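Trainee: I'll drop the sequence and a predicted model, then ask my questions.
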Amino acid sequence: MQLVDVRETLLQVGEKDNDAAIAMLNYVNIVSKKLQSKDMHLDNAITEINKLIEYFKDYRETGFLKAIDEAKDIAIETGIDPIFPQKRLIERKKKGIEDTNLRSSCHRLEKTLKFEVRSDIDADELYTELKLFETLKTNEFSNPIDVLRFLKELDYFPNVSIAYRILLTISVTVAST
């Protein structure tokens, strides 16, 4: 068997089994054995291994789409409809809050944070800041820490920033019997 045939076979195994690392390791072992038995020159071995590494780098970037196209071609050849189920996208429901509820929540937070006559936040300003903040594209945030980082960079919403810092310092536990 020629080295080129071995290489092609291993590449096919790597594509079909989707275990490129094992295929690459097997190929490197074969090249190593050929080197030890003097059936291959070192320069040729290095060239072959570099080709294989480049192949797998390319496969990592474009291999999945290429595999889908090949699967569609095989399905068409065998008379099967090439329809692949799409992964269902999970859409999170945004919990909207009525303006009156938001305003009363802001006032309750101001009252909770009040010491003597002074509070860490102003309820009316917090309400306004939250309404403005809502208009920004905030879909990219996956957790409150990302929101707080964004707020620190903007430095436009001082009351919202304080509210998020408080939110992130409150310990939350869930316990059941």
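Mentor: Yep, that arrived.

Trainee: show the pLDDT at residue 27.
Mentor: At residue 27, the model reports a pLDDT of 64.

Trainee: sorry, that was for residue 45
Mentor: 69.

Trainee: do the one 4 residues further on as well
Mentor: At residue 49, the predicted lDDT confidence score is 70.

Trainee: and residue 54, by the same measure?
Mentor: In this prediction, residue 54 carries a pLDDT score of 71.

Trainee: for residue 48, see how far away it is.
Mentor: Distance of residue 54 to residue 48, given as Cβ to Cβ, to the nearest Å: 11 Å. The C-beta positions use only the backbone N, C-alpha and C, and glycine is treated the same way.

Trainee: mind listing what's buried along stretch 117-125?
Mentor: Taking 16 or more other Cβ atoms under 10 Å as the basis for neighbour counts, the residues of stretch 117-125 that come out buried are 121, 123.

Trainee: using CSV, write down the CA coordinates of that stretch.
Mentor: Included here for stretch 117-125 are C-alpha records, laid out as CSV according to Å, rounded to 0.1, in the frame of the first residue of the first chain:
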residue,chain,number,x,y,z
VAL,A,117,-33.2,61.5,55.2
ARG,A,118,-30.7,60.4,52.6
SER,A,119,-30.9,57.5,50.0
ASP,A,120,-28.3,56.0,47.8
ILE,A,121,-30.6,56.4,44.7
ASP,A,122,-33.3,58.8,43.6
ALA,A,123,-36.4,56.8,42.5
ASP,A,124,-37.5,59.2,39.8
GLU,A,125,-34.0,59.3,38.3
